[in-house]
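Colleague: Output the structure for:
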Amino acid sequence: MDLISAVIIIAVLALVFGAILGFAAVKFKVEGDPIVEQINEVLPQTQCGQCGYPGCKPYAEAIANGDEINKCPPGGEAGVKALADLLGREVIPLDEERGEEKPPRVAYIREDECIGCTKCIQACPVDAILGAPKLMHTVIVDECTGCDLCVEPCPVDCIDMLEVPKTVANWKWQQPQLRHENLIPVKELN
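Modeller: Below you'll find the model as predicted:
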């Protein structure tokens with residue numbers, strides 16, 4: 001009888017504490033910074049680190065805290081313009097020390113030359129490379145962001161960065177509109 005009542009007491013306590021935690025999670029929910037989310041939507045999501053940050057989200061946070069908007073070569077001049085429009089800042093030229101603007105690219109592994117070292121897999125920030133140790137690797141083209149991070153660690157130099165050909169599916173106007181309808185310029189938030 002003592003064992004059954006102990007189990008019932010523990011179950012009731014678990015339900016009470018679970019309800020308290022559930023209420024606290026809803027009541028004290030911490031919202032993210034909406035401007036950081038809007039900046040992050042403008043960034044190209046290559047996660048390449050050319051801006052000096054480990055990914056697009058940390059760079060978005062830095063921009064929201066006052067960092068320059070011109071450190072993203074994959075976003076290019078169109079990205080700088082979209083960020084300037086969003087934040088009400090002046091358009092400035094792309095920082096050439098970070099790299100140059102290039103057309104969209106994707107990694108291609110020459111599979112017959114791949115030795116299966118897995119160094120490219122470890123370097124890929126978006127897990128776009130499939131393979132196993134001592135077996136050939138391949139790139140999931142739809143997942144590859146073209147960040148170049150897999151090229152340098154390859155000991156046999158079997159990875160090429162190929163320009164993504166223009167097709168009906170990926171064609172865009174010369175001046176792409178990077179701002180989304182749900183983005184609110186900072187000057188309207190004040």
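Colleague: Which neighbouring elements make contact with whichever helix or strand Pro58 is part of?
Modeller: Using DSSP states H and E, Pro58 falls within helix 56-64. Using 3 or more CB pairs under 8 Å, 6 or more residues apart in numbering; DSSP states H and E, the elements in contact with helix 56-64 are helix 34-42. C-betas here are computed from N, CA, C, even on glycine.
Colleague: Outline the domain layout of this protein.
Modeller: 34-100+176-189, 105-163 (automatic domain parsing).
Colleague: Mind putting those into a markdown table with mean pLDDT, mean neighbour count and distance to Val12?
Modeller: Shown next, in a markdown table, are the domains of the chain (pLDDT from 0 to 100; neighbours: other CB atoms under 10 Å; distance: least, CB to CB, whole Å):
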| stretch | mean pLDDT | mean neighbour count | distance to Val12 |
| --- | --- | --- | --- |
| domain 34-100+176-189 | 86 | 17 | 41 |
| domain 105-163 | 94 | 16 | 44 |
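Colleague: Which secondary structure state is assigned to the residue positioned nearest the centre of the chain?
Modeller: Centroid-nearest residue in the chain: Gln45, 3.8 Å away (criterion: CA atoms, centre = their mean). Judged by DSSP: H, G, I helix; E, B strand; the rest coil, the three-state class of Gln45 is coil.
Colleague: Identify the residues contacting it.
Modeller: 56, 145 (CB atoms under 8 Å, 6 or more residues apart in numbering).
Colleague: how about a cut-off of 6 Å?
Modeller: Cys56 (CB atoms under 6 Å, 6 or more residues apart in numbering).
Colleague: Pull the residues that contact stretch 137-152.
Modeller: 46, 48, 104-107, 109, 114, 120, 123-124, 126, 128-131, 159, 161.
Colleague: Run through the strands of this protein in chain order.
Modeller: Along the chain, the segments classed as strands by DSSP state E run 105-109, 129-130, 138-139, 159-163.
Colleague: Nearest approach to Val16 belongs to which of the ones you listed?
Modeller: strand 129-130 (47.5 Å; CB to CB).
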